[in-house]
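[1] Test case, fold it:
(one chain, ligands or ions: 2)
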Amino acid sequence: MDSLRRPRRNRQSGVLRDMVQETRLHVSDFILPLFVLEGRNLRTEVASIPGIFRHSPDLLLDEIGRCIDLGIKAFDLFPNLSDDKKDRTASESHNPDGLYLQTIQAIKTKYPDVLLMTDVAMDPYSSDGHDGLVENGVILNDETLEILARMAVAQAQAGADLIGPSDMMDGRVGYLRKALDNAGFKHVGIISYSAKYASAFYGPFRDALASAPKFGDKKTYQMNPANSREALIEAELDTQEGADILMVKPALTYLDIISLLRQNSQLPIAAYNVSGEYAMIKAAAQNGWLDGERAMMESLMSIKRAGADVILTYFAKEAAQLLA
Ligand SMILES: NCC(=O)CCC(=O)O
Ligand SMILES: [Mg+2]
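    Ligands and ions are numbered 1, 2, ... in the order given. Next up, the predicted model:
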């Protein structure tokens, strides 16, 4: 071997490997999804997202306190509602006395410095289990926008810092931006689920919220996993409509999409490391088939290396502990 180039030279010690490391994870990269449930003193584990719990508001505040101690300062809140709170028009989503808006208020009152992201979509409140308004089995686009706008403004009023439209209706970022501005919430940002794919990896999340669609699937609004150019169209539209951060979801089976958006956009890029991606690693680790911690850190690193500035992940607490 007479090559002058020996890449292994830079790998020969821990100090050198650390020095030339190209990508680093930091706890400030993470947003932890949280599930809130009606009641008091309740904490139920999501069976298919082991280690992740639905908390009643009182216990959720304690949980956020523990996360802050680990350095996690950003959260994304989702409500688990009983069926009697769900209807065709998702009216519970703008009930000021309802679980979700009350919990936003409680979190921001107790922890004003955390960054609280909220979810805008009809599915947790919809008796149809869809992200948009349903008529004769069809998900209506423009009629849904008004409902989403009312939801977003109510969330901003309750104290949300960052609004996360996850519904994939066309034109909703611009519609929400105008509604927020008109209501005096010019400072409230929009993190848009720009490229959200119709994925099998959301299954455990729908268990957590009991929000699976009551008929059909979400393929008329979420993207076809086969498409990447279409992600550029979605990203461009969301950018023109005023999105502050673009998101790709899921993350691990869409690292190419994260990279594509990173190269084609000046905005921060977020990636949602979804419930099924978490569950796969947990299940394999519980079986002794994988080193769960190493698989977790390698997955998170790959998402950041692909170009994500922000990672929504159920691993946030465990990863924060390892990074500390
Ligand atoms: N709108 C939020 C989600 O659909 C989350 C999916 C997941 O974690 O599987
Ligand atoms: Mg779109």
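
[2] Report pLDDT for Ala210.
    At Ala210, the model reports a pLDDT of 86.

[3] So the nearest residue to Ala243 once chain neighbours are set aside, which state does it fall into?
    Nearest non-adjacent residue to Ala243, counting by CB to CB, 6 or more residues apart in numbering: Ser192, 4.0 Å away. Using the backbone N, CA and C atoms, a C-beta is placed for each residue, glycine as well. With DSSP: H, G, I helix; E, B strand; the rest coil as the basis, Ser192 sits in strand.

[4] Can we start the residue count at 41 from this point?
    Sure, I'll start counting at 41 from here, so that last one is Ser232.

[5] From Met208, how far out is Ser232?
    10 Å (CB to CB, to the nearest Å).

[6] Give me the more crowded residue out of those two.
    Ser232 (31 against 25; other CB atoms under 10 Å).

[7] For the strand or helix carrying Ala335, give me every contacting residue.
    Secondary structure assigned from DSSP states H and E places Ala335 in helix 332-346. Applying CB atoms under 8 Å, 6 or more residues apart in numbering, the set of residues contacting helix 332-346 from outside is 62-65, 69, 291-292, 295-296, 298-299, 302, 311, 313, 317, 321-322, 324-326, 351, 353, 355, 358-359, 362.

[8] make it 7 Å
    Residues outside helix 332-346 that contact it (CB atoms under 7 Å, 6 or more residues apart in numbering): 63, 65, 69, 291-292, 295, 298-299, 311, 313, 321-322, 325, 351, 353, 355, 358-359, 362.

[9] Check stretch 303-321 too.
    So stretch 303-321 is in contact with 88-89, 231, 240-245, 272, 275, 279, 283, 285-292, 298, 301-302, 330, 332, 335-336, 339, 343, 347-355, going by CB under 7 Å, 6+ apart.

[10] now swap in stretch 73-92 and tell me
    With CB under 7 Å, 6+ apart, stretch 73-92 has contacts from 93-100, 115-120, 122, 139, 143, 243-244, 247-249, 315, 318-319, 322, 352, 354.

[11] From those, list the ones also adjacent to ligand 1.
    Here is what survives when these are matched to ligand 1 using CB under 6 Å from any ligand atom: Ser315.

[12] Restricted to strands, list the contacts of stretch 73-92.
    Counting by DSSP state E, these place 93-95, 115-120, 352 in strands.

[13] Including distance to Ala196, could those residues go into JSON lines?
    Below are these laid out as JSON lines (distance: CB to CB, whole Å):
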{"residue": "Phe93", "distance to Ala196": "27"}
{"residue": "Arg94", "distance to Ala196": "24"}
{"residue": "His95", "distance to Ala196": "23"}
{"residue": "Phe115", "distance to Ala196": "16"}
{"residue": "Asp116", "distance to Ala196": "15"}
{"residue": "Leu117", "distance to Ala196": "14"}
{"residue": "Phe118", "distance to Ala196": "17"}
{"residue": "Pro119", "distance to Ala196": "16"}
{"residue": "Asn120", "distance to Ala196": "22"}
{"residue": "Leu352", "distance to Ala196": "20"}
